[in-house]
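Novice: Sequence and predicted model, in that order:
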Amino acid sequence: MKEIIAIIRRDKTPETKKALEELGFPSMSLQGVEGRGKQRGDTCTDELDSDLPKSYCTAVKLKPTPSTYALEHTLPKVALFVPKRMITMVVPDEMVDSIVNKIMEVNRTGRHGDGKIFVCPIEKAIRLRTGEEDERAIS
């Protein structure tokens with residue numbers, strides 16, 4: 001058994017849940033989390049969206065993040081955290097690759113902030129209601 005932890009963009013949550021249900025895995029835990037990666041919390045900079053025109057933030061009427069404002073005005077950079085969703089699920093070993101591939105297919109945009117997937121071993125699982133263990137407990 002493996003635990004799959006996927007940290008994804010909030011707007012990709014419904015599509016990801018639907019894709020996992022279609023694979024036969026409707027059971028999951030979902031949490032709202034905040035974090036930051038290499039982009040250090042910036043959500044609208046030319047560095048992150050090099051394929052977009054320089055006036056992208058202005059064109060779509062987005063306000064720059066405080067950290068972007070700080071960069072443009074030589075102020076100390078503010079440490080921001082970007083809201084994300086964390087999906088956690090425990091699955092049989094043989095299903096890990098197909099689930100990970102499906103999560104990647106749905107969530108990959110090619111831009112910073114797409115998220116991360118972690119796969120961890122699970123030593124034991126017990127269903128509290130029935131006492132079933134391991135594979136029977138996760139099905």
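Specialist: Structure received. From a predicted model like this one, the values you see are computed outputs, not experimental measurements. Numbers count the residues shown, from 1 in each chain.
Novice: could you give me the average pLDDT of stretch 103-120?
Specialist: The pLDDT scores in stretch 103-120 average 93.
Novice: how many neighbours does residue 113 have?
Specialist: 18 (other C-beta atoms under 10 Å). To be clear about C-beta, it is placed using only N, CA and C from the backbone, and glycine gets the same treatment.
Novice: Could you tell me whether it really is in a strand?
Specialist: No. Residue 113: not assigned to a strand; according to DSSP: H, G, I helix; E, B strand; the rest coil it is coil.
Novice: looking at it, it is touching residue 10, isn't it?
Specialist: No. Using C-beta atoms under 8 Å, residue 113 and residue 10 do not qualify as a contacting pair, with a distance of 10.6 Å.
Novice: Helix or strand: which one has residue 19?
Specialist: Using DSSP states H and E, residue 19 falls within helix 13-22.
Novice: Off-centre distance for that helix?
Specialist: From the chain centre to the centre of helix 13-22 is a distance of 13 Å (C-alpha atoms, centre = their mean, to the nearest Å).
Novice: Let's test this: mean pLDDT of it, rounded?
Specialist: Helix 13-22 comes out at a mean pLDDT of 96.
Novice: What helices and strands are in contact with it?
Specialist: strand 82-91, helix 96-107 (3 or more C-beta pairs under 8 Å, 6 or more residues apart in numbering; DSSP states H and E).
Novice: Dump those into a markdown table; add distance to residue 18 and mean neighbour count as well.
Specialist: Output for the helices and strands packed on helix 13-22, formatted as a markdown table (distance: least, C-beta to C-beta, whole Å; neighbours: other C-beta atoms under 10 Å):
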| stretch | distance to residue 18 | mean neighbour count |
| --- | --- | --- |
| strand 82-91 | 12 | 18 |
| helix 96-107 | 9 | 16 |
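Novice: Quick one: closest of those to residue 128.
Specialist: Between residue 128 and those, the shortest separation by C-beta to C-beta is 14.1 Å, and it involves strand 82-91.
Novice: what does stretch 92-105 rub up against?
Specialist: 1-2, 4, 6, 8, 16, 19-20, 23, 25, 87, 89, 91, 117, 119, 135, 138 (C-beta atoms under 8 Å, 6 or more residues apart in numbering).
Novice: are any of the residues you listed buried, and which?
Specialist: The neighbour count (16 or more other C-beta atoms under 10 Å) marks 1-2, 4, 6, 8, 16, 19-20, 25, 87, 89, 91, 138 as buried among the contacts of stretch 92-105.
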